[in-house]
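my questions concern the predicted model and sequence given below.
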Amino acid sequence: MQTNLITKPLTLNHFCSVESLSQEEVMSLIIRAQEFKHGATWSNNKNLYAVNLFFENSTRTHKSFEMAEKKMNIDVIDFEVATSSVNKGETLYDTVLTMQALGINVAVIRHGDNDYYRELIESPTIHIPIINGGDGSGQHPSQSLLDLMTIYEEFGYFKDLRVAIVGDLKHSRVAKSNMQLLKRLGAKLYFSGPEEWYDPSFEEYGSYQVIDELVEHVDVMMMLRVQHERHIGHEHFTKEEYLSNYGLTVERANRLVEHAIIMHPAPVNRDAEMAGDLVECDKSRIVQQMTNGVYARMAILEAVLNH
Ligand code: CP
């Protein structure tokens, strides 16, 4: 089924959480994503169908999965939550069971409930692979894979790389997936942002510092989006206050070491998490992250469809 294959194909039942991924599996996915980026192709002689079920808003994850599917000649079946029977009360389980019955081969799902995927992957009646496109404030494993791919492209290693994860740590699924995987790969982690958004459970992964103590000492400055949709009724800061106290200002960016890079999963709240003009600056890898998302998601789709 594979063409131009350099690495041995990885096989995964599902791709829902980074917790179950070994270091070898992560590196295999990164290398395969790089191969796709450099022109490897995947074709299949079966008719394969994917459905992307997005119960929360998305631009990058949704459209880069769709792009990855189309590059792999997988037919994408349209599904709009707003016009589906979800609005008649149909559950996620019944929606996925229906998709499977129609002949869908893989479902990519974003949902607001943490761990929504467990009832699907533990069900004796759901047999198609489930890819998690983000669950509440739980995990965002495909974002984590594209982030790691971007870091690996830059540095070629993870061991002892100094990575700061800065911002809305408590509500960020990106932060949680990245802290777990980066620690497993040997990176040194630092956290920053409002202290009320720091949780003591993060201490097993790294240490908290104020941003002004961090900027001169890190290789990767990973900024996080303020998750306004998860703070309803608890807005804490104006944009100006947030940028000035916790964000990456131009002055702070000028203090980064020469080889340091700036990352952000996007969408960026310009002039809140970071000065707006830094999105396109020389140190920024934010656009590259979006591009890498297509190739990382091709590697994930291949791994679950190899099963
Ligand atoms: N980074 C990310 O998940 O972006 P979307 O919400 O646009 O998919």
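It's in. Residues are numbered from 1 along each chain as shown.

SS state for the residue in the stretch 151-300 of the chain that the ligand sits nearest to?
Nearest residue of the stretch 151-300 of the chain to the ligand: residue 265, at 3.8 Å (CB to the nearest ligand atom). Where you see a C-beta, it was placed from the backbone N, CA and C, and this is true even at glycine. What DSSP: H, G, I helix; E, B strand; the rest coil gives for residue 265 is coil.

ok, now which ones touch the closest residue to it other than its chain neighbours?
Distance criterion CB to CB, 6 or more residues apart in numbering; nearest residue to residue 265, sequence neighbours excluded, is residue 174 at 4.7 Å. Neighbouring residues of residue 174 by CB atoms under 8 Å, 6 or more residues apart in numbering: 140, 143, 144, 147, 224, 265.

the third one and residue 181 touch, don't they?
Yes - counting by CB atoms under 8 Å, residue 144 touches residue 181, with 5.4 Å between them.

so which of these two has more stuff around it?
Neighbours were counted for residue 144 and for residue 181 using other CB atoms under 10 Å; residue 144 has more, 26 against 21.

can you show me the helices along the stretch 201-307 of the chain?
Assigned by DSSP state H, counting those that start in this stretch, the helices in the stretch 201-307 of the chain fall at 211-214, 239-246, 250-253, 286-305.

hang on, the earlier thing: ok, of the contacts of residue 174, which one's closest to residue 118?
Proximity of the contacts of residue 174 to residue 118 was ranked by CB to CB; the top entry is residue 140 with 16.2 Å.

relative to the ligand, how far out is the most far-flung residue of the chain relative to its centre?
Distance from the C-alpha centroid of the chain, by CA atoms, centre = their mean, peaks at residue 88 (30.5 Å). From residue 88 over to the ligand the distance is 26 Å, taken as CB to the nearest ligand atom, to the nearest Å.

any stretches of the stretch 151-300 of the chain with poor pLDDT?
The stretch 151-300 of the chain contains residues with pLDDT under 70 at 232-235.

spell out which parts of it neighbour the ligand.
265, 266, 267 (CB under 6 Å from any ligand atom).

find the nearest non-adjacent residue to the last one, please.
What it means is residue 267. Nearest one to residue 267, counting by CB to CB, 6+ apart, is residue 225 at 6.4 Å.

and that neighbour, how far from residue 190?
19 Å (CB to CB, to the nearest Å).

for residue 173, same thing?
19 Å.

next, count neighbours for residue 24.
Neighbour tally, residue 24, other CB under 10 Å: 9.

ok, then the element right after the helix or strand encompassing the residue nearest to residue 265?
Residue 174 belongs to helix 173-184 when assigned by DSSP states H and E. From helix 173-184 onward toward the C-terminus, using DSSP H and E, the following helix or strand is strand 188-192.

what lines up beside that following strand in the sheet?
strand 162-166 (parallel), strand 206-208 (parallel) (DSSP bridges).

CSV please, covering those strands and showing mean neighbour count.
As requested, these are arranged in CSV below (neighbours: other CB atoms under 10 Å):
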stretch, mean neighbour count
strand 162-166, 24
strand 206-208, 15
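
got the ones you listed as CSV, with distance to residue 114 columns?
Formatted as CSV, the strands paired with strand 188-192 follow (distance: least, CB to CB, whole Å):
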stretch, distance to residue 114
strand 162-166, 19
strand 206-208, 22
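
my read is that residue 77 contacts residue 49, right?
Yes - applying CB under 8 Å, one finds residue 77 in contact with residue 49, separated by 5.6 Å.

shared neighbours, those two?
residue 104.

returning to that earlier point: most neighbours of all the residues of the stretch 151-300 of the chain next to the ligand, which one?
Going by other CB under 10 Å, residue 265 tops those with 25 neighbours.

which residues are in contact with it?
60, 140, 143, 147, 174, 224, 225, 289.

tell me how far the first one lies from the ligand.
In other words, residue 60. Distance from residue 60 to the ligand, by CB to the nearest ligand atom: 4 Å.

residues in contact with that residue?
265, 266, 267, 290, 293.

return the backbone torsion pair for it.
phi -60, psi -50 (degrees, to the nearest 10).

quick check: it vs residue 259, distance?
For residue 60 relative to residue 259 (CB to CB), the value is 26 Å.

what of the last one?
Counting by CB to CB, the gap from residue 289 to residue 259 is 18 Å.

neighbour count: these two, which is higher?
Taking neighbours as other CB under 10 Å, residue 289 and residue 259 compare with residue 289 leading, 22 against 9.
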